[in-house]
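**Student:** Okay, structure incoming, though there's no sequence with it:
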Ligand code: CP
Ligand code: NVA
């Protein structure tokens, strides 16, 4: 069977994604009940991080250990990847020794090149263009609180970045509508918008995007790699904050999510993390469960 990768949500069908979320919720429940599971005994995940991480690293590493396997943290500083060994050569060698590879990097092209040469599943753990692992956790979280997201309106407030692109993919896969509110010049990628024209509406005013939505989501104004733009972005995004006033325009029981890390006083007001609509801690924990389900799917080809 051809090796499956998870570089974007488009690498799975809607029905596979739905089964994955069911399985992730089951894993969450079993883990919270203290049940031991060793489905990935003796399996190894290689984790290549070219950017910082808290949630992604901890969830993948803890997830592998909890399922009886192990994870290797590989930083380009300490491997030949950082000294110019070709990605393809690294992919052939690393994938010959482990059961799956997770990569967090800059250019999306890097994970595509790695995957093309890899004999084992490759997981995109964030590129400049997409962050699909966060989306499976977000979709699991929405379901656990409100049931199916089908037919809902989701409001993305802020930068048309990697998270926003993955929300556009999710709108297609999970059948919801995405309102994106962003300043001029910070829109999502035009090709991605064009491919999902009927799923996405781009507006300028956050209020317009939020009105009547069932879920409000945001992310940092300056992503990793854009540190030099922080000041300019603070200016451009100053009116793009999720706060209780914006939340009050959404549906009465709307949820608030953020992939974290959050910058209080910038994309969210200081009180949003603990706002009654906020499910951010549940969302963060679900990275663990959603990715354990993903690892079982990619390594064992099972979704139950
Ligand atoms: N949300 C997320 O991916 O967090 P980290 O950057 O801490 O991994
Ligand atoms: N858009 C953010 C997400 C962090 C999880 C970044 O790329 O830095």
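**Tutor:** That came through, no problem. Computed from a prediction, not measured in an experiment: that's the story for all the values here. Ligands and ions are numbered 1, 2, ... in the order given.

**Student:** Tell me the spacing between the residue nearest to residue 219 when sequence neighbours are not counted and residue 26.
**Tutor:** Closest residue to residue 219 apart from its sequence neighbours, by C-beta to C-beta, 6 or more residues apart in numbering: residue 163 at 4.6 Å. From N, CA and C alone the C-beta is placed, and that goes for glycine too. Distance of residue 163 to residue 26, given as C-beta to C-beta, to the nearest Å: 26 Å.

**Student:** Same check on residue 64?
**Tutor:** 18 Å.

**Student:** Comparing those two, which residue is more hemmed in?
**Tutor:** Between residue 64 and residue 26, counted using other C-beta atoms under 10 Å, residue 64 has the larger neighbour count: 25 against 13.

**Student:** can you count the residues close to the closest residue to the more buried one other than its chain neighbours?
**Tutor:** Leaving aside its sequence neighbours, residue 64 sits nearest to residue 71 (C-beta to C-beta, 6+ apart; 4.2 Å). Using other C-beta under 10 Å, residue 71 has 21 neighbouring residues.

**Student:** which parts of this structure sit against ligand 1?
**Tutor:** 53-56, 126, 134, 259-260 (C-beta under 6 Å from any ligand atom).

**Student:** Would you mind checking these for buried ones?
**Tutor:** Those of the residues of the chain next to ligand 1 that meet the buried threshold are 53, 55-56, 126, 134, 259-260, by 16 or more other C-beta atoms under 10 Å.

**Student:** And the residue lying closest to residue 162 once chain neighbours are set aside, its phi and psi?
**Tutor:** Spatially, and ignoring its direct neighbours in sequence, residue 162 is nearest to residue 131 (4.8 Å; C-beta to C-beta, 6+ apart). Backbone torsions of residue 131, given as degrees, to the nearest 10, read phi -140, psi 70.

**Student:** quick revisit: partners of the residue nearest to residue 64 in the sheet?
**Tutor:** residue 45 (DSSP bridges).

**Student:** what's the pLDDT at it?
**Tutor:** At residue 71, the model reports a pLDDT of 98.

**Student:** distance of the spatially most central residue of the chain from ligand 2?
**Tutor:** Nearest to the geometric centre of the chain sits residue 134, at 1.9 Å (C-alpha atoms, centre = their mean). Separation of residue 134 from ligand 2 (C-beta to the nearest ligand atom, to the nearest Å): 7 Å.

**Student:** Can you list the helices and strands that the helix or strand hosting that residue packs against?
**Tutor:** Taking DSSP states H and E as the definition, one finds residue 134 inside helix 132-146. If you count contacts as 3 or more C-beta pairs under 8 Å, 6 or more residues apart in numbering; DSSP states H and E, helix 132-146 packs onto helix 14-32, strand 122-124, helix 162-174, strand 255-258, helix 280-300.

**Student:** where in the chain is pLDDT low?
**Tutor:** Along the chain, segments meeting pLDDT under 70 span 1.

**Student:** Flag every residue of the stretch 101-250 of the chain that's near ligand 2.
**Tutor:** 126, 161-163, 219-220, 223-224.

**Student:** 5 Å instead, please
**Tutor:** Selection of the stretch 101-250 of the chain residues close to ligand 2 by C-beta under 5 Å from any ligand atom yields 161, 219, 223-224.

**Student:** Mind checking which of these are buried?
**Tutor:** Here, 16+ other C-beta under 10 Å leaves 161, 219, 223 buried among those.

**Student:** wait, which of those residues is closest to residue 85?
**Tutor:** Taking C-beta to C-beta as the measure, residue 223 is the one of these closest to residue 85, at 26.7 Å.

**Student:** just checking, that closest one touches residue 161?
**Tutor:** Yes. Residue 223 is within contact range of residue 161, at 5.3 Å (criterion: C-beta atoms under 8 Å).

**Student:** returning to that earlier point: I'd like the helices and strands packed on helix 132-146 laid out as TSV, including distance to residue 229.
**Tutor:** Conversion of those to TSV gives the following (distance: least, C-beta to C-beta, whole Å):
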stretch	distance to residue 229
helix 14-32	33
strand 122-124	23
helix 162-174	15
strand 255-258	20
helix 280-300	25
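
**Student:** just these: most buried one?
**Tutor:** strand 122-124 (a mean of 27; mean count of other C-beta atoms under 10 Å).
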